[in-house]
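1. No sequence on hand, only this structure:
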């Protein structure tokens, strides 16, 4: 037989595109269309429905960027269509390749009730089938003219990302607005041919099954009369029936399809638009659930459910009904699909608290699977938090985007920082927006790493990122692929059903220990510095507000602000979404985030001030009370408590003098710091250990500027080649000693200016640095370098509830890929007997390298350079990222062991507060082991008045501690994150309790207050 495979395959695609698909709607009549363009921001539904309309038709322009237009379509079903299925076709000017990234609509009935969403892959509304003929149709469409930001030429700077900078020209032209006959048989033929085409092309060219399908397709095409597709479609389908009925092999891979629409809570659209995206998608999915009994849909992010409840109560009623039926499945157990690298310890815990509690309170459902398909890497703290929240499974997809190394597992046990393991799945289909195409399924089967040990995987199925969800075409594919030779078996089912089966068949899955580092999107640790600083400040203010409000409530009967704290936490958690906190959204999102963080900070400062005033006593007495919100005592002030400022002996003040050769020398009895004529720190000498911190010939606090133009994903990525070019900023505009004895250095570079202060506080082994940067660069990366005379093969970087070690070397491709990584409040380097820490108040990105100690060839040993990432200037998606003035604070702590790093990290983020008053404040809790850190003190969320404490082992080893309480304590229970008791803790003598903690173990205690 001659090989005509390519000819038949080309024939199939042309006939499908040009004859069969158009015949799905063989007859149509135009609708009458009117429009009202809403001025400004979206209006309430009632206002949009009632507004006057002006005529508009296909081809007419509409929609300036971010505008909203209300269309009304009217028409009547022709009498001659009686007995046939009829649909309304509504094309707002769609591009089929831009689902979720362009204009969208929500269809309403005449009474204002929502019907479904419109997008490029879902343009139809069913009128009826069969119709009687003569039915009058009247529908309204709330259409959003969202501009295309990520276009066919991606990553080009655009002003469309903010309504304040976008132009007002129309972005779209109205397409087809018709009543049309829907030919079910032709539509089914399209699904048959698409499934077989995908299956066929996914098989090897010499596979007998491929040729069997090819010949069946050829016979089906021969049966189609191209001038009467509808009349001959049944004959064509008959010729395909045999190949569609052949059952799958017994060993066929099994795919659990889960309906899904990944909806970014903000990204290339603002938060207000996501509210509407969620309404459109949930309207579509609840409608599809009514039509398709085998369909199961999963939705994550409690915040998005809350938006539906608040803004679309009619859709909420449909969601609640579908959830009660078990087919609309809440998943994730988090408030949003957050970034997991940068949120602080408590914030990441509260993502689970507020997410899981919402699902419990609104639906009575305990979510068991954590659903994070798109976040940019996964913290090693997550497994323990997952289990402590009451969940037991984890799903992610994003690791498939890694640039250098292919992740070795798809189903595995993920072991976290403390040794906790969680059963994890990483779908081999390599997308969270699966369409169940033949190409996707074939890839999933080939790609699956667990062959021979496991037989199944999961496929999140539906249009996503900007929403859309599953379509009827995807469900049609699943029906055909349920048991089809040559294909994986596909079935729609709940994620929990997949995980139960996967765990049962593969209990001894391999183990991955440590973080799930994404070898991509590393610059998300630095982009949009204001957003990151707003987050860091808000997290620590929330800690203070809870601590002091609880302390005042217990000691003084102060009214604990439950509702305000709940609202503020949810606001901060929302802004930790994985395209907001990472700095990868449009300018509109980050402009609003800055304003929101300012409002949050102001309200939290008010809460803190009110609580402190209630605690401090008589403000008119002329005294001062010093409050310490940090978990470590300092300067005689107890951890988590306060003490009147009694003017104790002050340490010997620091001295400053001119340095020979230029610059200054600072001394405080513990350290001697030399700043040279360039304003660089060339020596930090530890007098106690007689150890120099800075390597020979090196300089610390060196600002370095790099060209930064990644191959793609500007705000997301920094590519390794950025290191190829670097400018050391050593030119000095001015340098002087301030009245406080600090060195003030001013530099100018490019179009920017930086003012740094170098200070040596009295009585401590620490050098403080501040930097005010007036930043006006484009596509540049600014770092602060600290060469340290330490030989080590690893650094310790703080993460949630502990720290993890990363290599300083590049022995393997896995090591080399981590050329930019995340640290919270500290990075610590150490060789036996001596170490140093670099702590910060608002940065996350850092890098570490090794260098020969001294000039070659006489160099002996290596040194370690740690650099903090301060600012970037990508131009997409926000063309003015980070322009303007920024403030940074960081400190170098020579001679620090890991405990010092923990303590100093808290110190720089939780400075003391000095309040008028005359009364000390006993802490609500005291721990007697410095390894144990108290991360939260609050009252229970259920308003019972119980005190809730969260603490963790911070050094990486076993720890025992006695906890004593600063109030009459009753029963004490260990709890989960949601403050639900797990087991009692027996008190020791005097009412204290003793705890034994594993390395990095998190413990939540609920303490009843004695009467």
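-> Now that the structure is in, tell me what you want to look at. The shown structure was predicted, so the numbers you read here are calculated from the model rather than taken from an experiment.

2. what's the spacing between residue 758 and residue 700?
-> Using Cβ to Cβ, to the nearest Å, we find residue 758 at a distance of 10 Å from residue 700. Using the backbone N, CA and C atoms, a C-beta is placed for each residue, glycine as well.

3. Which residues are in contact with each of the two?
-> residue 681 (Cβ atoms under 8 Å, 6 or more residues apart in numbering).

4. what are the ranges of the strands in the stretch 551-700 of the chain?
-> 624-628, 641-644, 655-658, 664-667, 671-675, 681-686, 691-692 (DSSP state E, counting those that start in this stretch).

5. just so I know, which of these lies nearest residue 1010?
-> Residue 1010 lies closest, by Cβ to Cβ, to one member of the strands of the stretch 551-700 of the chain: strand 641-644, at 19.6 Å.

6. buried residues in that closest one?
-> 641, 642, 643, 644 (16 or more other Cβ atoms under 10 Å).

7. what residues are up against the first one?
-> Residues touching residue 641, when contacts are defined by Cβ under 8 Å, 6+ apart, comprise 551, 627, 628, 920, 921, 922, 923, 966.

8. Now do the fifth one: how many residues are near it, please.
-> Meaning residue 921. Here the number of neighbours of residue 921 (other Cβ atoms under 10 Å) works out to 27.

9. So what sits opposite the residue nearest to it when sequence neighbours are not counted in the bridge?
-> Closest residue to residue 921 apart from its sequence neighbours, by Cβ to Cβ, 6 or more residues apart in numbering: residue 642 at 3.8 Å. With DSSP bridges applied, residue 642 shows beta-bridge pairing to residue 627, residue 921.

10. how near is residue 640 to residue 924?
-> 7 Å.

11. Oh, that last question was meant for residue 443, not what I typed.
-> 55 Å.

12. what's near enough to touch residue 465?
-> 100, 101, 262, 263, 264, 267, 374, 433.

13. one more time with 7 Å, if that's ok
-> Contacts for residue 465 (Cβ atoms under 7 Å, 6 or more residues apart in numbering) come out as 100, 262, 264, 433.

14. Confirm that residue 886 sits in a helix.
-> No. Under DSSP: H, G, I helix; E, B strand; the rest coil, residue 886 sits outside any helix and is assigned strand.

15. Quick check: closest non-adjacent residue to it.
-> Closest to residue 886 by Cβ to Cβ, 6+ apart is residue 773, at 4.9 Å.

16. Quick one: classify that neighbour as helix, strand or coil.
-> strand.

17. ok, it touching residue 755?
-> No. Between residue 773 and residue 755 there is no contact under Cβ atoms under 7 Å: 8.1 Å.

18. Comparing those two, which residue is more hemmed in?
-> Higher neighbour count among residue 773 and residue 755: residue 773, with 23 against 16, using other Cβ under 10 Å.

19. does that one have beta-bridge partners, and which?
-> Here residue 773, judged by DSSP bridges, has bridge partners residue 754, residue 886.

20. out of everything not next to it in sequence, what's closest to residue 189?
-> residue 233 is the one closest to residue 189 (Cβ to Cβ, 6+ apart), at 4.6 Å.

21. OK, contacts around that neighbour?
-> Taking Cβ under 7 Å, 6+ apart as the test, what residue 233 contacts is 185, 186, 189.

22. what do you get for residue 236?
-> Residue 236 touches 189, 220, 223, 224, counting by Cβ under 7 Å, 6+ apart.

23. what's the answer for residue 974, then?
-> 982, 983, 985, 1003, 1004, 1005.

24. My understanding was that the fourth one contacts residue 953; is that so?
-> No. With contacts counted by Cβ under 7 Å, residue 1003 stays clear of residue 953, the gap being 8.6 Å.

25. where do the contact lists of those two overlap?
-> In contact with both residue 1003 and residue 953: residue 997, using Cβ under 7 Å, 6+ apart.

26. More neighbours: those two, which one.
-> residue 953 (25 against 20).

27. Give me the pLDDT value at the closest residue to the more buried one other than its chain neighbours.
-> Spatial nearest neighbour of residue 953, chain neighbours left out: residue 997 (4.2 Å); criterion: Cβ to Cβ, 6+ apart. Note for residue 997: predicted pLDDT of 98.

28. Then the one 10 residues further on?
-> Taken from the predicted model, the pLDDT recorded for residue 1007 is 97.

29. Was I right to think it contacts residue 968?
-> No. Residue 1007 sits out of contact with residue 968 when judged by Cβ under 7 Å, with a separation of 10.2 Å.

30. So if I had to pick from those two, which one is more boxed in?
-> residue 1007 (23 against 11).

31. Wait, a strand at the more buried one?
-> Yes. Assessed by three-state DSSP, residue 1007 belongs to a strand.

32. bridging residues for it?
-> residue 947, residue 972.

33. Could you pull up the residues touching it?
-> Counted by Cβ under 7 Å, 6+ apart, residue 1007 has contacts 946, 947, 949, 965, 969, 972.

34. ok, now with 10 Å
-> 554, 924-925, 940, 946-949, 963, 965, 967, 969-973, 985, 993 (Cβ atoms under 10 Å, 6 or more residues apart in numbering).

35. Show me which of the residues you listed are buried.
-> For the contacts of residue 1007, a burial check counting by 16+ other Cβ under 10 Å picks out 554, 924-925, 940, 946-949, 963, 965, 967, 969, 972-973, 985, 993.

36. how long is stretch 465-473 from one end to the other?
-> 19 Å (Cα to Cα, to the nearest Å).

37. Buried residues, that stretch. List them.
-> Buried residues in stretch 465-473, counted by 16+ other Cβ under 10 Å: 465, 466, 467, 468, 469, 470, 471, 473.

38. among those residues, which are in helices?
-> residue 473 (DSSP state H).

39. for the buried residues of stretch 465-473, which one is nearest residue 797?
-> residue 465 (30.3 Å).

40. Which residues are in contact with the closest residue to the closest one other than its chain neighbours?
-> Leaving aside its chain neighbours, residue 465 sits nearest to residue 100 (5.3 Å; criterion: Cβ to Cβ, 6+ apart). For residue 100, the contact set (Cβ under 10 Å, 6+ apart) comprises 119-121, 146, 261-264, 267-269, 277, 280-281, 433, 463-469.

41. cool, residue 719 as well?
-> Neighbours of residue 719 in contact, by Cβ under 10 Å, 6+ apart: 403, 520, 522, 523, 708, 709, 710, 711, 712, 713, 819, 820.

42. Could you point out which of those residues is nearest to residue 789?
-> The nearest member of the contacts of residue 719 to residue 789, counting by Cβ to Cβ, is residue 819 at 22.2 Å.
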